[in-house]
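Q: A predicted structure for the sequence below; I have some questions about it.
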Amino acid sequence: VFLTENLPPGSKIAEFDVTDPDGSASYHVKFSGPGSENYRANITELGTLSLYTADNAQIDREAQDSQSLLIEVSDVSNNTDRAILPIRILDVNDNAPEFTRKMYDVQVVEDWPRGVVIEKVHATDADVGKAAQVRYSIRGPSDVVAVNETSGVVTVAGELWGMARDAPYKFELVARDLGEPELNSSAILSLRVRGKDEVMTETSVVFLEPKNGVQIVVKENLPLDTKIYTAKAEQRGIASRTRGILTYSLKDLTSDEKEPNFAIDKESGDIFAVKNIDYEKNNEYTVSYTYSFKSGLSPSHCVLDTRDADKCDRARSLFFKIFLQC
Ligand SMILES: [Ca+2]
Ligand SMILES: [Ca+2]
Ligand SMILES: [Ca+2]
């Protein structure tokens, strides 16, 4: 039988006729098998066996999508017959999509143009079919960032120039499914705009290579750990005060952070492909790299991540694109 999940207690799910050549009018019914605690039975003197969902039934497809009920009917003399009732649980849209993170922190530089990929958000939905298909949007008016409805890629969608830099801007990301009725949940996108020439007093660091927005072309199917580029930043300023250590970090803006396609050596700035990059799968990546340095007399490395940038004395990032060639 097919049952929809979340069936209320007392719903009738099946009916059988039990016959006994001895003409017995009193039977005993027993259930066993995984999930059998969700059902109860009633049998009449005429041998009509009805199955119902139990009072405490929890029919949850996400927990168990099929069950197999072994039904044993015995008469007064304990003569027993058995039957197996396979049950399939059909999906109901009872789970909202959930973002993998509740908060996405993103830093952008004020001269990044429209269309630059700055993040990729993702939500999962435990249901199946349309009830598990996720669509992304940003709640309320947003003329600064946009999210692709199906891919979750977040891009710059407006002018960043002139946006205040002290406080982050918050946007509410919404993931909804295509179930009937639809369910949704939200997460926060926190956007911090960095000045292009955020003046660094006394000392500063400049990006030398690559320049903002530069396009790097590499061949597909590179052996893993092939060096594809060397990023370079340099400290400028009063020599006695620039004894900080420069470190690099990289963020692959086009894929989920868990599985980056590229990595950077934090000291040398060498950029490597750390996954098999396949032209047919994706021929364009947007990557941002950040440098930061700890200044002062006792220089120490700063653990890097754009989100940790504030913990460093100085941190800036820029983006560039890596194109694949087949
Ligand atoms: Ca469920
Ligand atoms: Ca469900
Ligand atoms: Ca759902």
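A: That came through, no problem. Note that the structure is a prediction, hence the values are computed from the model and not measured. Ligands and ions are numbered 1, 2, ... in the order given.
Q: so where's the chain shaky on pLDDT?
A: Residue ranges of the chain with pLDDT under 70: 196-208, 210-215, 234-246, 252-258, 277-326.
Q: got the residues of it near ligand 2?
A: For the chain, the residues in contact with ligand 2 (Cβ under 5 Å from the ion) are 61, 91, 94, 127. Every residue, glycine included, has its C-beta placed from N, CA and C.
Q: Check these one by one and keep those near ligand 3.
A: Okay, of the residues of the chain next to ligand 2 touching ligand 3 (Cβ under 5 Å from the ion), that's residue 127.
Q: What is the nearest of the residues of the chain next to ligand 2 to ligand 3?
A: residue 127 (3.8 Å; Cβ to the ion).
Q: how close does that closest one sit to residue 48?
A: 36 Å (Cβ to Cβ, to the nearest Å).
Q: Give me the more crowded residue out of those two.
A: residue 127 (21 against 12; other Cβ atoms under 10 Å).
Q: So the more buried one: helix, strand or coil?
A: What DSSP: H, G, I helix; E, B strand; the rest coil gives for residue 127 is coil.
Q: and what of the one 3 residues further on?
A: Reducing the assignment to helix, strand or coil with three-state DSSP, the entry for residue 130 is helix.
Q: hang on, the earlier thing: show me which of the residues of the chain next to ligand 2 is closest to ligand 1.
A: Using Cβ to the ion, residue 94 is the member of the residues of the chain next to ligand 2 that sits closest to ligand 1, with 4.4 Å.
Q: correct me, but the closest one touches residue 4?
A: No: counting by Cβ atoms under 8 Å, residue 94 sits too far from residue 4 to count as a contact (10.2 Å).
Q: Tell me which of those two has more neighbours.
A: The neighbour count for residue 94 versus residue 4, taken as other Cβ under 10 Å, is higher for residue 94 (15 against 12).
Q: sec struct for the more buried one, please.
A: coil.
Q: tell me the contacts of it?
A: 5-6, 62, 127, 183 (Cβ atoms under 8 Å, 6 or more residues apart in numbering).
Q: Give me the neighbour count for residue 162.
A: Neighbour number of residue 162 under other Cβ under 10 Å is 8.
Q: residues in contact with it?
A: Going by Cβ under 8 Å, 6+ apart, the list of residues near residue 162 reads residue 110.
Q: tell me which element the nearest residue to residue 264 once chain neighbours are set aside falls in.
A: Excluding its sequence neighbours, the residue lying closest to residue 264 (Cβ to Cβ, 6 or more residues apart in numbering) is residue 250, at 3.8 Å. Secondary structure assignment for residue 250, by DSSP states H and E: strand 245-252.
Q: If the residue nearest to residue 264 is in a bridge, with which residues?
A: residue 289 (DSSP bridges).
Q: ok, it touching residue 262?
A: Yes: between residue 250 and residue 262 there is a contact under Cβ under 8 Å: 5.9 Å.
Q: What degree of burial does residue 134 show, as a neighbour count?
A: Neighbours of residue 134 (other Cβ under 10 Å): 21.
Q: That one and residue 123 touch, don't they?
A: Yes: applying Cβ under 8 Å, one finds residue 134 in contact with residue 123, separated by 5.1 Å.
Q: Common neighbours of these two, please.
A: Listed as contacting both residue 134 and residue 123 by Cβ under 8 Å, 6+ apart are 97, 152, 175.
Q: List the contacts of the first one.
A: Going by Cβ under 8 Å, 6+ apart, residue 97 touches 123-125, 132, 134, 175-177, 183-185.
Q: which residue packs closest to residue 99, ignoring adjacent ones?
A: Once flanking residues are discounted, residue 99 sits nearest to residue 187: 3.8 Å by Cβ to Cβ, 6+ apart.
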